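Q: What follows is a predicted protein model with its sequence.
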Amino acid sequence: MGSILLTGGAGYIGSHTAVELLRRAYHIIILDNFSNSMRSVIDRVCRTAALSETDAKSRVSLVEADLLDKAALAEAFASSPGVDVVIHFAGLKAVGESVEKPWAYYHNNLVGTLNLLGAMNAAGVSRLVFSSSATVYRADNPVPYYEGYALGSTNPYGWTKFMIEQIIRDICAANEGLSAVLLRYFNPIGAHPDGLIGEDPKGIPNNLLPYVAKVAAGELDEIRIFGDDYDTPDGTGVRDYIHVMDLAEGHASAMEYLQDRKGCCAFNLGTGRGTSVRELIRAFETACGKRLPSKVVGRRAGDLPVVYANVDLAAKVLGFTASRGIEEMCDDAWRWQQYRAAMPGNTEDQEDNSTPS
Ligand code: NAD
Ligand code: UD1
């Protein structure tokens, strides 16, 4: 097989998938504009994958480019012959920010994807794995979520995923030389167990796990629990958290499945199990060895009480089942959090990457 191009490969999920692909002996090309990631991640990916200097040079390439720059994309494919599959992670991903800056989200995510599809077509690259999200399921579906459920969204970020899925499905259906897998992630958390790579949100995190990790590290004062009056066993919201290394393995399985398949298929990537906010906090307290201050505040607008996946399709068709539990997710996230805080050049690459409105 040729090489695998990872758009957004320097980001949280892309960097973990890169390590898994290197473990499986593939050659990878990371294309990123570093708007939400650090340049030093490339070196940390190679170290995590235990590559020798020679191997790192021959099996990992970096293209610093923006998907909005068509010429740079064409050049990226021209200078990297033999790309067999693209895994498309690149995109803006914060729900709240997307409500404040919808144009930036539609522009970056939709135009970026259209440019990528055009460049793939011109270069004769016919396989695509796309980072979608559980957020594409309409809120009125009962749990667990099945791939065949009605789709919709409630915010611009979610609509970009919904629209990109539709664009990819239409192009595959028109038989324009594209085959694709749409991966609908539930709640990815955790980090590689070696602790050199992980999620690195800029500013105050919106998602629960990175917020809890920063409270544990003393960078934030206390956890805010968004409501304890839901109809759930302990009253707090329930989600399907999946270890990012399981997610990485799911990408490798999806990519291998695509090798001899045509068309377009969507798969949930989750564990099929729900964990409440309080359960997650308790698991993190065990991981970091201390009690974490928390207080219950009002519900967050737009939140659902319970979200988890039906994972049968990925198990049956891709042969993929997530194996890591909540304790492992919290242990690994905590290890990364400590490394990140002590990282030499902690402020490296922290140039102003703010999203235009
Ligand atoms: P991330 O922000 O860590 O990684 C995305 C990467 O894409 C970053 O390195 C960023 O610099 C790059 N990027 C953004 N726009 C770009 C552009 N125009 N050109 C080139 N590079 C660009 O995010 P992540 O958590 O790794 O998420 C990866 C993908 O998975 C995203 O598409 C996201 O929407 C999707 N997703 C993430 C989650 C989650 O909880 N993390 C859940 C569901 C879906
Ligand atoms: C959020 C996004 C979703 C996106 C996903 C990516 C919203 C409404 N939804 O989902 O579109 O795909 O992130 O991972 O933003 N919580 C707290 N305190 C906090 C943060 C969260 O109690 O400080 C609770 C939430 O109410 C929820 C659970 O923790 O019950 C998980 O929240 P979060 O990590 O933000 O993920 P989602 O809401 O599932």
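A: Noted; the coordinates are in hand. Ligands and ions are numbered 1, 2, ... in the order given.
Q: can you list the residues of the stretch 201-350 of the chain near ligand 2?
A: 206-208, 211, 224-226, 237, 239, 277, 300, 302-303, 307 (Cβ under 6 Å from any ligand atom). Heads up, the C-betas are built off the backbone N, CA and C, glycines and all.
Q: Which two of those have the greatest separation?
A: R224 and V307 (19.2 Å; Cβ to Cβ).
Q: Please identify which of the two sits among more neighbours.
A: V307 (22 against 17; other Cβ atoms under 10 Å).
Q: Verify the stated contact: the more buried one with R184.
A: No - V307 is beyond contact range of R184, at 11.3 Å (criterion: Cβ atoms under 8 Å).
Q: joint contacts of these two?
A: A134 (Cβ atoms under 8 Å, 6 or more residues apart in numbering).
Q: Would you tell me which one of the residues of the stretch 201-350 of the chain next to ligand 2 comes nearest to ligand 2?
A: G237 (2.2 Å; Cβ to the nearest ligand atom).
Q: how about the helices of this protein, start to end?
A: 12-23, 41-48, 53-59, 70-78, 95-100, 102-105, 112-123, 156-173, 208-216, 244-258, 277-288, 312-313, 326-342 (DSSP state H).
Q: Mean neighbour count, the ones you listed: which tops it?
A: helix 12-23 (a mean of 25; mean count of other Cβ atoms under 10 Å).
Q: Just list what that one packs against, helices and strands only.
A: With contacts taken as 3 or more Cβ pairs under 8 Å, 6 or more residues apart in numbering; DSSP states H and E, helix 12-23 sits against strand 3-7, strand 28-32, helix 41-48, helix 244-258.
Q: Tabulate those (JSON lines), appending distance to V99 and mean pLDDT.
A: JSON lines is the format used below for these (distance: least, Cβ to Cβ, whole Å; pLDDT from 0 to 100):
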{"stretch": "strand 3-7", "distance to V99": "24", "mean pLDDT": "98"}
{"stretch": "strand 28-32", "distance to V99": "25", "mean pLDDT": "98"}
{"stretch": "helix 41-48", "distance to V99": "28", "mean pLDDT": "98"}
{"stretch": "helix 244-258", "distance to V99": "26", "mean pLDDT": "98"}
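Q: quick one: contacts for the closest residue to ligand 1 within the stretch 1-150 of the chain?
A: Across the stretch 1-150 of the chain, the shortest distance to ligand 1 (Cβ to the nearest ligand atom) belongs to G11, at 1.9 Å. By Cβ under 8 Å, 6+ apart, the contact list for G11 reads 32, 36-37, 89-90.
Q: So for it, what's the pLDDT?
A: Per-residue pLDDT puts G11 at 98.
Q: Let's have the helices and strands packed on helix 12-23 in JSON lines, adding distance to V317.
A: Shown next, in JSON lines, are the helices and strands packed on helix 12-23 (distance: least, Cβ to Cβ, whole Å):
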{"stretch": "strand 3-7", "distance to V317": "20"}
{"stretch": "strand 28-32", "distance to V317": "24"}
{"stretch": "helix 41-48", "distance to V317": "28"}
{"stretch": "helix 244-258", "distance to V317": "7"}
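Q: Quick check: which of these is nearest to V215?
A: Here helix 244-258 is closest among these (Cβ to Cβ), at 20.1 Å.
Q: Check which helices and strands the closest one is in contact with.
A: Against helix 244-258 (3+ Cβ pairs under 8 Å, 6+ apart) you get helix 12-23, strand 83-88, strand 127-133, strand 179-185, strand 187-189, strand 264-269.
Q: Around ligand 1, pick out the residues from the stretch 51-200 of the chain.
A: Residues of the stretch 51-200 of the chain lying near ligand 1 (Cβ under 6 Å from any ligand atom): 66-68, 89-91, 93, 108, 112, 131, 133, 185, 188.
Q: out of the residues you listed, which is most surrounded?
A: Highest count within these by other Cβ under 10 Å belongs to A90, 28 neighbours.
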